[in-house]
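Colleague: Here is my input; please provide its structure:
(one chain, ligands or ions: 1)
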Amino acid sequence: MHKKPILFPFILYVLFILSGYSTSSAQGKVDIPNPKLSVYVVDVGMGDAIFLEIPPKDCMLIDAGSWDNYGIDHLLQFLQDFFAESGHEAYQSTIDVVVASHQHKDHIQGMLKVLNKFKVTTYIDNGVGCKFNKSKANKLVKDIEKLLKSKSIKHTQITDQLIESKGKNGVYTDNILDPFASVDVFALAGTPSPVDANENDNSIVLKVKCDSISILLTGDAEEPEEQSIIERLKKDGNIGALDVDVLKAGHHGSNTASSEEFVQLASPSMCVISVGVASESPKTKSFRLPKESVVRRLEQYTSRVLDEEWEAQMFPDKKPKSAKSEKPLIFKSKKGIYFTSSDGTIVFKTDGKKLIAESN
Ligand SMILES: [Zn+2]
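Modeller: Numbering: from 1, shown residues only. Okay, the predicted model is just below:
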């Protein structure tokens with residue numbers, strides 16, 4: 001799946017219209033010809049890389065990681081193809097904002113290549129950087145910081161303290177994080193103080209909003225960080241900020257993330273899990289993601305009603321490590337839930353009113 005070239009346009013899968021949640025397997029009959037925002041969850045295998053196309057000339061990349069080289073290659077090819085595409089000249093091979101949700105390799109492994117190959121205006125991370133002793137990515141983080149400096153790329157951080165002191169109603173934005181005219185980008189979480197010993201819970205969590213459509217990008221935030229977002233928003237009387245149309249499920253569909261309350265409050269119409277195919281990567285195999293319980297939970301709170309059959313294919317060659325382990329699955333077809341492992345790169349397009357999901 002990963003090795004396929006990126007082809008534009010993708011095959012149309014579904015249509016979701018706010019007025020009445022109408023769905024369609026329109027097979028190319030329905031499209032959003034002039035989207036104001038397209039969010040590509042790039043198939044990088046086990047890792048995250050999410051690209052926001054904001055016409056006519058802006059774009060943003062959240063994470064550039066994978067445990068596997070082919071995932072990084074796939075991301076670089078995706079970006080190269082995007083910028084080379086006819087009609088994309090105005091983007092000038094420049095990524096306006098790059099965000100590293102946190103400092104794990106499956107989120108930043110490809111950053112040096114991205115920063116070397118494309119122009120980047122601003123780089124935002126969680127500020128943990130080399131100060132975090134337990135980070136296995138220390139050398140990589142140092143190299144990224146050095147490269148940012150040498151290229152004079154603006155480098156800023158998002159922390160919970162920033163959100164609490166300078167944010168409004170539990171969410172934060174400024175024109176470094178969001179220099180865009182037609183979309184709004186908000187931070188719902190950054191690094192807590194003190195820094196969490198679990199780097200996943202230092203993830204920058206972003207909400208991207210285009211008029212009435214919104215998508216939540218959770219990095220690898222696990223339940224403690226989800227709870228802290230909920231508490232902050234409740235305290236500030238803004239729990240509705242969690243209500244979104246698309247949820248990028250946290251931590252690759254792990255059962256340490258996507259807690260029931262969080263998913264229920266998000267009540268997305270569609271979900272996406274960025275995860276690898278186990279047969280292609282030892283790392284992916286050892287992580288055994290996504291967890292079935294998480295997929296079932298997402299399914300339960302994902303509102304889009306579909307009549308499609310879905311099937312789950314167990315890995316025949318792998319037995320659970322213990323009785324408690326859940327079997328990893330490759331999920332095919334969907335109930336509004338997409339998997340990069342089976343769907344490849346997925347794009348959510350919106351004009352601010354309608355939302356469609358397509359995959360290649
Ligand atoms: Zn991860």
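Colleague: that's a helix at V141, yeah?
Modeller: Yes - counting by DSSP: H, G, I helix; E, B strand; the rest coil, V141 is found in a helix.
Colleague: Tally up the residues packed near it, please.
Modeller: When neighbours are defined as other Cβ atoms under 10 Å, V141 has 22 of them. Just so you know, the C-beta spots here come from the backbone N, C-alpha and C atoms, and that holds for glycine as well.
Colleague: Can you give me the distance of it to the ion?
Modeller: Separation of V141 from the ion (Cβ to the ion, to the nearest Å): 15 Å.
Colleague: wait, isn't that residue in contact with H102?
Modeller: No - applying Cβ atoms under 8 Å as the test, V141 and H102 come out as separate, 10.4 Å apart.
Colleague: how distant is stretch 152-161 from the center of its chain?
Modeller: A distance of 19 Å separates the C-alpha centroid of stretch 152-161 from that of its chain, computed with Cα atoms, centre = their mean, to the nearest Å.
Colleague: measure that stretch end to end?
Modeller: Distance between the two ends of stretch 152-161: 26 Å, counting by Cα to Cα, to the nearest Å.
Colleague: go on, stretch 215-233?
Modeller: Looking at stretch 215-233, the gap from its leading to its trailing residue is 17 Å under the measure Cα to Cα.
Colleague: residue boundaries of the strands in the stretch 251-360 of the chain?
Modeller: 270-273, 311-314, 329-332, 337-339, 346-350, 354-359 (DSSP state E, counting those that start in this stretch).
Colleague: Can you flag the weakest of those strands by average pLDDT?
Modeller: If you rank these by mean pLDDT, strand 311-314 sits at the bottom with a mean of 32.
Colleague: interface residues of the stretch 151-300 of the chain facing the ion?
Modeller: Within the stretch 151-300 of the chain, the residues that sit near the ion (Cβ under 5 Å from the ion) are D220.
Colleague: which residues sit against stretch 31-43?
Modeller: The contact list for stretch 31-43, computed with Cβ atoms under 8 Å, 6 or more residues apart in numbering, reads 1-2, 12, 49-55, 71, 74-75, 78, 182-183, 208, 210-211, 213, 215, 246, 248, 272, 274, 338, 340-341, 343-352, 354, 356.
Colleague: Could you pick out the buried ones from these?
Modeller: 1-2, 12, 49-55, 71, 74-75, 78, 183, 208, 210, 213, 215, 246, 248, 272, 274, 338, 340-341, 343-352, 354, 356 (16 or more other Cβ atoms under 10 Å).
Colleague: I'd like to know which of the residues you listed are part of helices.
Modeller: Counting by DSSP state H, the part of these found in helices is 71, 74-75, 78, 340-341, 343.
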